[in-house]
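Student: What shape does this take:
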Amino acid sequence: MTSTEIQTETKKKMEKTLEILKEEFKSIRTGRATPGLVENIKVSCYGTLTPIKQLANIAAPESQLIIISPYDPSILKDIEKAIQQSELGLITNSDGKVIRIPIPPLSGDRREKIVAQIREMTEETKISIRNIRREANKHIDKEEKDSILTEDEAKKVKDQIQKFTHENEAKLNELLRQKSEELLKI
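Tutor: Prediction:
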C-alpha cells in the first residue's frame, strides 16, 4: 500500500466515524420535534426489522409535534409499538391513519443527563479516531520496516495522519458544543 493510499484510507475511516456520530446525534431528543428523532427506530414488520423512514412519511409541522404517515396503514400498530418500546420515552396518539407524537419540553435535570450522554458518545468517537490513527501508524511502520517507505516518507505520512486526527477531533468538539447548546437552550 502506498503512502497516499494509507492517507486516503485513514481519512475516509475517520470521516465515516464522524458521520456515524452525527447520525447518532440526530436521534437524541432535544425537546424540539425533528424527523431524525424517530426515523431510524426499527419496526418489526413483514418478517424483518425495518427503519421507520422506509415505512412511512415523517414530518415535523410544528416545533413540538412529529407526524408519521405509514405507506401501508396495516403496519400502523407495529410502528406505534416500536416507538413506545424505544428509549425515547415518547407517547404516541393514533387515529388509525397517522401517528402524532407530541414532544414535551425537557426538564433541566434531563437536559443535563443528555448532555453527559452526548459527551460520552463524543469521547467514544474520539477513541475510535485514535484507534484508526494507531492502526495506520502500525501499517506505516510495517511498510517502513519492509523498505517500501523511506524513513522521511513514513514521518511525513504519520504527520499527515496526525493532522487528520486533530482536524476530526476539532470537528467532534464543535459538534458536541453545538448539540450541548441546543439541548441547554430553553
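
Student: Name all residues that make contact with residue 7.
Tutor: Listed by CB atoms under 8 Å, 6 or more residues apart in numbering, the contact partners of residue 7 are 157, 160-161, 164. All C-beta atoms are positioned from the backbone trio N, CA, C, and that covers glycine.

Student: Among those residues, which ones are in strands?
Tutor: Judged by DSSP state E, those include no members of strands.

Student: Could you export those residues as TSV, including pLDDT, distance to residue 44 and neighbour count?
Tutor: Shown next, in TSV, are the contacts of residue 7 (pLDDT from 0 to 100; distance: CB to CB, whole Å; neighbours: other CB atoms under 10 Å):
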residue	pLDDT	distance to residue 44	neighbour count
157	91	47	23
160	94	46	17
161	93	42	24
164	94	40	19
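
Student: can I get those residues in TSV with distance to residue 78?
Tutor: Output for those, formatted as TSV (distance: CB to CB, whole Å):
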residue	distance to residue 78
157	50
160	49
161	46
164	43
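
Student: Name the nearest of these relative to residue 76.
Tutor: residue 164 (45.9 Å; CB to CB).

Student: and residue 44, helix, strand or coil?
Tutor: strand (DSSP: H, G, I helix; E, B strand; the rest coil).

Student: Does it touch residue 78 like I think?
Tutor: Yes: assessed by CB atoms under 8 Å, residue 44 is found in contact with residue 78 at 6.3 Å.

Student: between the two, which one's more packed in?
Tutor: Per other CB atoms under 10 Å, whichever of residue 44 and residue 78 has more neighbours is residue 78, with 18 against 14.

Student: Work out for me the element that one sits within.
Tutor: Applying DSSP states H and E as the criterion places residue 78 in helix 76-85.

Student: Show me what the longest helix along the chain is packed up against.
Tutor: When the chain is parsed with DSSP state H, its longest helix is helix 108-145. Contact here means 3 or more CB pairs under 8 Å, 6 or more residues apart in numbering; DSSP states H and E; on that basis helix 108-145 packs against helix 3-26, helix 151-184.

Student: got the ones you listed as JSON lines, with distance to residue 140 columns?
Tutor: Below are those laid out as JSON lines (distance: least, CB to CB, whole Å):
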{"stretch": "helix 3-26", "distance to residue 140": "6"}
{"stretch": "helix 151-184", "distance to residue 140": "5"}
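
Student: Between those helices, which one is closest to residue 53.
Tutor: Closest approach to residue 53 among these (CB to CB): helix 3-26, 11.0 Å.
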